[in-house]
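In: With the sequence up front, the predicted model follows.
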Amino acid sequence: MARYVGAVDQGTTSSRFIIFDEHGRIVGMDQKEHEQIYPKPGWVEHDPMEIWNNTQDVIRGALAKSGIRGSDLSSIGITNQRETTVVWDRFTGKPYYNAIVWQCTRTHEICKQLMADGGQDRFRLVTGLPVATYFSGPKMRWILDNVPEARAAADKGNALFGTIETWIIWWLTGGPKGGAHVTDVTNASRTMLMDLKTLSWDEEILKIMDIPLQGLPRIVPSSDSETWGPTSEDGPIGARVPVCGAVGDQQAALVGQTCFAPGEAKNTYGTGCFLLMHTGHEPIQSKHGLITTLAYQFSGRKPSYCLEGSIAIAGALVQWLRDNLQMFSSAPEIETLARKVEDTGGMYIVPAFSGLYAPYWRPDARGVMVGLTRYINRNHFARAVLEATAYQTKDIVLAMNKDSGVDLKTLKADGGMVFNELLMQFQADILNVPVVRPKVAETTCLGAAYAAGIASGFWSGREELYNNWEEDKRWVPDMEEEKRRELFAGWQKAVTRTFDWVE
């Protein structure tokens, strides 16, 4: 009998394979980074073949390290960096171009053309999304417009399009030898091409974007009892294991945090920062700069929706301070530096490296440092970097409270930065609500495992998942209201200094 569930976590900077037991505990893991490719300012790419090769390596690595056989797995789930887009040859599996990453701003001109007739909210009622460089549809259009070979193949029906989970599922289930070409509802909802209510591709938008329907994957539930196909015995799993769960990384964290009731919210502190609040079975249109998106869909059930606030640069700002400015050699050192000062000395860093996402949606913005004086040293820089993530989160919480009509009571936190205790305390202080970290902080991968495990019958239902969730640590607010107001007012002023930088 199968005793474990495996989950691929294909993220922005690395690929991982994590094996979970029935209690949601990690029993095996391997991880491998991939190259970040920056051909021009604002352009970000990944090599899809490197990602697939790394995925195979980490699957084999996690199985070998844990001593678990592929045949011991009940099922496989996938979670992925959302919006990152690949176009490839259905017969060879060869990509026509590098994957265009979610952070990439090269589709700015395409988005401007789309907004010229109907503005930024042109497709919002149908898709829940503003027109923005963030989403996958314009990235597909860019590849088809700029790679003649891809356009010719797409017109003949020989090209396949997809986000990263589609790419990984296709290879895991056979690739050119009959691999499943599917995308789950959460990833499909990030393309700017899917109708939120019908959960199908919107033919009118496809026509406007000049994207042929025949290249797009079939839209499926996040947790699908109709499995998309087994892995092959000669693949990295080494056994036939059903692939039946896929959830975009931020929605996967919502599932991993068991936020199954309307009003429950989580924030994932990773490369970017993503705050999602479950809103029930009907989509709520945001009036305050958030996006409406799919939370998840379990096989045979109605879809669940959520409001999302997306921040492009969170942990990536720590990496920037480490790699570009070389202020320290490893990311955890930032907390040591930041603790050497009581505050930022009046400086703020607004990391609008790729424009500002929610709730501003300003592609014209670029990063600023303000309030600099001779007093400032690298410790203040370190503290300002951490505080920037907390302030950006507060921007989103305020918008979410207005849209949902419900004030956030507690914030469940996950992702790599939740082990930075200074950041977590400042987050509780500036939000004035408790911040809670779960025992299993790898909630993104856990959510993908839950999706697959529910579909395969490894877990009986949500009750079992609720019982797996345990609190590890809680930070409670400890800041005077007047200071909170003063600090946040300074942040809001700093944000306005980023606007209108790019014409």
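Out: Nice, I can see it.
In: From here on, just use CA atoms for contacts and neighbour counts.
Out: Noted.
In: residue contacts, the nearest residue to A261 once chain neighbours are set aside?
Out: Closest residue to A261 apart from its sequence neighbours, by Cα to Cα, 6 or more residues apart in numbering: H278 at 6.5 Å. Neighbour list for H278: 259-265, 295, 304-307 [criterion: Cα atoms under 8 Å, 6 or more residues apart in numbering].
In: So which of those belong to strands?
Out: Taking DSSP state E as the definition of strands, the contacts of H278 contribute 265, 295, 304-307.
In: Once you drop chain neighbours, what's closest to Q257?
Out: Distances taken as Cα to Cα, 6+ apart put T443 closest to Q257, at 6.2 Å, once the chain neighbours are dropped.
In: Do you know the pLDDT at the one you found?
Out: As predicted, T443 sits at a pLDDT of 86.
In: Now do the contacts for it.
Out: Going by Cα under 8 Å, 6+ apart, T443 touches 252-257, 414-415.
In: From H23, how far out is it?
Out: 13 Å (Cα to Cα, to the nearest Å).
In: F91 too?
Out: Counting by Cα to Cα - F91 and H23 are separated by 41 Å.
In: Then E442?
Out: In terms of Cα to Cα, E442 sits 14 Å off from H23.
In: Neighbour count for the two, which is higher?
Out: When neighbours are counted by other Cα atoms under 10 Å, E442 and H23 differ, and E442 comes out ahead with 19 against 13.
In: Show the backbone phi and psi for that one.
Out: Main-chain dihedrals, E442, degrees, to the nearest 10: phi -80, psi 60.
In: same check, this time on the one 3 residues further on
Out: The phi and psi torsions at C445 (degrees, to the nearest 10) take the values phi -70, psi -40.
In: What about it, how many residues nearby?
Out: 30.
In: Does it touch G11 like I think?
Out: No - the pair C445 / G11 is not scored as a contact, 10.1 Å apart, by Cα atoms under 8 Å.
In: what residues are shared contacts of those two?
Out: 79, 249.
In: ranges for the helices of the stretch 251-400 of the chain?
Out: 315-323, 333-338, 378-404 (DSSP state H, counting those that start in this stretch).
In: Remind me what the first one packs against, helices and strands.
Out: Where contact means 3 or more Cα pairs under 8 Å, 6 or more residues apart in numbering; DSSP states H and E, helix 315-323 is packed against helix 378-404.
In: Could you list the buried residues of the helix it packs on?
Out: For helix 378-404, a neighbour-count test (16 or more other Cα atoms under 10 Å) marks 378-397, 399-400, 403-404 as buried.
In: Just after that helix, pick out the following helix or strand.
Out: strand 411-414 (DSSP states H and E).
In: and that next one, which strands flank it?
Out: Sheet pairing of strand 411-414 (DSSP bridges) gives strand 265-269 (parallel), strand 435-438 (parallel).
In: Of all the ones you listed, which one is nearest F328?
Out: The closest of the strands paired with strand 411-414 to F328 is strand 265-269. By Cα to Cα, the value is 20.1 Å.
In: What is the distance between the closest one and the centre of its chain?
Out: Its chain's C-alpha centre and that of strand 265-269 lie 11 Å apart, by Cα atoms, centre = their mean, to the nearest Å.
In: ok and it relative to helix 378-404, angle-wise?
Out: Interaxial angle of strand 265-269 relative to helix 378-404 (axes from the mean of the first three to the mean of the last three Cα atoms, to 10 degrees): 150 degrees.
In: average pLDDT across strand 265-269?
Out: Mean predicted confidence for strand 265-269 is 90.
In: Give the burial count for the closest residue to G238 other than its chain neighbours, as a bare number.
Out: Closest residue to G238 in three dimensions, ignoring its sequence neighbours and counting by Cα to Cα, 6+ apart: G70, at 5.7 Å. Neighbours of G70 under the rule other Cα under 10 Å: 24.
In: so what's G70 up against?
Out: By Cα under 8 Å, 6+ apart, G70 lies in contact with 63, 237-239, 241.
In: what comes up buried for the helix or strand of the chain with the lowest mean pLDDT?
Out: In the chain, the helix or strand scored least confidently by mean pLDDT, DSSP states H and E is helix 462-468, which has a mean of 85. For helix 462-468, the neighbour count (16+ other Cα under 10 Å) marks 465, 468 as buried.
In: Equivalent analysis for stretch 183-197, please.
Out: 183-196.
In: next one: that stretch to chain centre, how far?
Out: 14 Å.
In: if we can go back for a sec, check the gap between the residue nearest to G238 and N467 for me.
Out: 27 Å.
In: Next up, phi/psi of I37, please.
Out: Per-residue torsions, I37: phi -110, psi 120 (degrees, to the nearest 10).
In: I'd say it and E45 touch.
Out: Yes - under the criterion of Cα under 8 Å, I37 makes contact with E45 at 4.9 Å.
In: between these two, which one's more packed in?
Out: E45 (20 against 15).
In: What ranges does the stretch 51-200 of the chain have for its strands?
Out: Shown for the stretch 51-200 of the chain, the strands assigned by DSSP state E, counting those that start in this stretch span residues 73-80, 85-89, 99-100, 159-163, 182-184, 194-195, 200-201.
In: Dump these into TSV; add distance to R374 and mean pLDDT as well.
Out: Below are the strands of the stretch 51-200 of the chain laid out as TSV (distance: least, Cα to Cα, whole Å; pLDDT from 0 to 100):
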stretch	distance to R374	mean pLDDT
strand 73-80	43	96
strand 85-89	44	97
strand 99-100	41	98
strand 159-163	47	97
strand 182-184	52	97
strand 194-195	52	97
strand 200-201	55	98
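In: Tell me the pLDDT of the residue of the chain most remote from its centre.
Out: Residue farthest from the centre of the chain, counting by Cα atoms, centre = their mean, is R374 at 38.2 Å. pLDDT, R374: 96.
In: Of the contacts of T443, just the buried ones, PyMOL syntax please.
Out: Remark: buried members of those, expressed as a PyMOL selection using 16+ other Cα under 10 Å:
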select buried, resi 252+253+254+255+256+257+414+415
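In: of the contacts of T443, closest to R437?
Out: D414 (6.3 Å).
In: Hmm, that closest one is touching K439, no?
Out: No - judged on Cα under 8 Å, D414 makes no contact with K439 at a distance of 9.8 Å.
In: Find the residues that touch each one of the two.
Out: Overlap of the contact sets of D414 and K439 (by Cα under 8 Å, 6+ apart) is empty.
In: Tell me which of the strands paired with strand 411-414 is the most buried.
Out: Most buried of those by mean neighbour count (mean count of other Cα atoms under 10 Å) is strand 265-269; its value is a mean of 26.
In: Skip the chain neighbours and tell me the closest residue to W201.
Out: M194 is the one closest to W201 (Cα to Cα, 6+ apart), at 4.4 Å.
In: How about the contacts made by that neighbour?
Out: M194 makes contacts with 126-127, 188, 200-202, as judged by Cα under 8 Å, 6+ apart.
In: Show me which pair in these is furthest apart.
Out: Maximum distance among the contacts of M194 (Cα to Cα): 12.8 Å, for V126 and A188.
In: how about the strands in the stretch 201-350 of the chain?
Out: For the stretch 201-350 of the chain, strands defined by DSSP E, counting those that start in this stretch occupy the ranges 218-220, 243-248, 265-269, 273-280, 291-296, 304-311, 348-350.
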